[in-house]
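**Q** Coordinates only, no sequence provided:
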């Protein structure tokens, strides 16, 4: 089996779950709160990676593009949360995955 297959399947399942869990969370809080908690989750991941020695802050020629990638990813998630806050998950989630087709 290809080494990339399991991580890609985890990614697909996780993205599908994010749409559902986000919609359920948005029944009880605003999308801004969801973004805040997403940031807390990212901070926890960062701490684990640094403590485990799997990542270290550094500067390289790829750093500016990495920052752009992070901003684009955050913008995309915020847009997804705004869409889920005002639309049906059964419509929003499949359309949000249209880039994968």
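**A** Perfect, I can see it now. Given the structure is predicted, the values throughout are model-derived calculations rather than measurements.
**Q** Give me the distance from stretch 19-33 to the chain's centre.
**A** Its chain's average C-alpha position is 14 Å from that of stretch 19-33, according to CA atoms, centre = their mean, to the nearest Å.
**Q** residue closest to the middle of this structure?
**A** residue 77 (6.1 Å; CA atoms, centre = their mean).
**Q** Pull the contacting residues for that one.
**A** Applying CB atoms under 8 Å, 6 or more residues apart in numbering to residue 77 gives the contacts 35, 38. Placement of C-beta: from N, CA and C, glycine included.
**Q** Same question for residue 22.
**A** Neighbours of residue 22 in contact, by CB under 8 Å, 6+ apart: 34, 80-81, 84.
**Q** where does it fall, helix, sheet strand or coil?
**A** Under the three-state scheme (DSSP: H, G, I helix; E, B strand; the rest coil), residue 22 adopts helix.
**Q** my guess is residue 93 contacts residue 21, does it?
**A** No: contact criterion CB atoms under 8 Å: residue 93 and residue 21 do not qualify, at 10.9 Å.
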